[in-house]
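Novice: Sequence first, then the predicted structure, then my questions.
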Amino acid sequence: MNTIALLPHSKHLLPGGRLKLVISRVCDVRMVTEAMANNDPFALGMIAPNSSPETITNIPAIATTVTIIDFNCCDGGLLEIIVEGTNKISISTLSMAYDNLLTATYEPCSNWPAIAMSPDNQILATKLKLLFASMPELSQLYQQPNYQDATWISQRWLEVLPINIKHKQSLIYYPTADMTINFLLQLLQDHYLINN
């Protein structure tokens, strides 16, 4: 069984995604420092927006391993890092260290294979481009967005949409992005966003 340091966070990340995080807790600074020193990944686990990392006793089954691609030291001992999701993992158990750092035992999961864009799902790329254009802080994380891959696009949508964690987890659990693509197309249609 593999073990990995785990950061519970209300911002969600999947393979190929990028996220800017501000690290403030002492245990998380230790985790980031060790990850950078040893060139090791850590895992990002989904929690609800109103949850506190100190009170977490379980994490939804699927988490994402991340690597640090950039960092900056901020005032007050804070670290600002940019991480990139690499692989999905299935969490088995959690343990907490003396300083509240979570460690998880896990098994690797298969990442979703790439799916070429088609005329039927092109709207997902078009609407994601509009979203990125309206959120420069998000779009600047992606120097080369992969708008030709429906899997990449659907994962970016799952990261930003305010969907219940259990529902996100059920979509992520599928072996391909097909179910998520169908869900997103239906969501856009239900909210009259397809032809607008």
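Specialist: Sure thing, it's come through. Just so it is clear, the structure is predicted and the values come from calculations on it, not from any experiment.

Novice: Could you tell me what pLDDT the model assigned to the residue nearest to Lys129 when sequence neighbours are not counted?
Specialist: Of all residues not flanking Lys129 in the chain, Tyr147 sits nearest, at 6.8 Å (CB to CB, 6 or more residues apart in numbering). C-beta here means a position set from N, CA and C on the backbone, and glycine is covered the same way. Tyr147 carries a pLDDT value of 96.

Novice: For Tyr147, which residues are in contact?
Specialist: Met117, Ala125, Leu128, Lys129, Ile153 (CB atoms under 8 Å, 6 or more residues apart in numbering).

Novice: Quick check: the farthest pair among these?
Specialist: Farthest pair in the contacts of Tyr147 (CB to CB) is Met117 and Lys129. Separation: 12.2 Å.

Novice: returning to what we had before: let's see if you can find the most crowded of the contacts of Tyr147.
Specialist: Most neighbours among these, by other CB atoms under 10 Å: Ile153, with 28 neighbours.

Novice: What is the burial count for Leu94?
Specialist: Residues lying near Leu94 (other CB under 10 Å) number 17.

Novice: hang on, the earlier thing: can you tell me how far the residue nearest to Lys129 is from Leu128?
Specialist: Distance from Tyr147 to Leu128, counting by CB to CB, to the nearest Å: 7 Å.

Novice: joint contacts of these two?
Specialist: Common neighbours of Tyr147 and Leu128 (CB under 8 Å, 6+ apart) are Ile153.

Novice: from the contacts of Tyr147, which ones fall inside strands?
Specialist: Among those, no residue falls in strands (DSSP state E).

Novice: Please enumerate residues in contact with stretch 159-168?
Specialist: 11-14, 17, 19, 46-48, 60, 131, 138, 158, 187.

Novice: Which neighbouring elements make contact with the helix or strand of the chain with the lowest mean pLDDT?
Specialist: When the helices and strands of the chain are compared on mean pLDDT, DSSP states H and E, helix 26-38 comes out lowest with a mean of 90. On a contact count with 3 or more CB pairs under 8 Å, 6 or more residues apart in numbering; DSSP states H and E, helix 26-38 meets strand 2-9, strand 42-46, strand 62-73, strand 79-96.

Novice: Mind putting those strands into a markdown table with mean pLDDT?
Specialist: Shown next, in a markdown table, are these (pLDDT from 0 to 100):
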| stretch | mean pLDDT |
| --- | --- |
| strand 2-9 | 93 |
| strand 42-46 | 93 |
| strand 62-73 | 94 |
| strand 79-96 | 94 |
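
Novice: Pick the most deeply packed of these.
Specialist: The highest mean neighbour count among those, using mean count of other CB atoms under 10 Å, belongs to strand 42-46: a mean of 24.

Novice: Many thanks, I have nothing further to ask.
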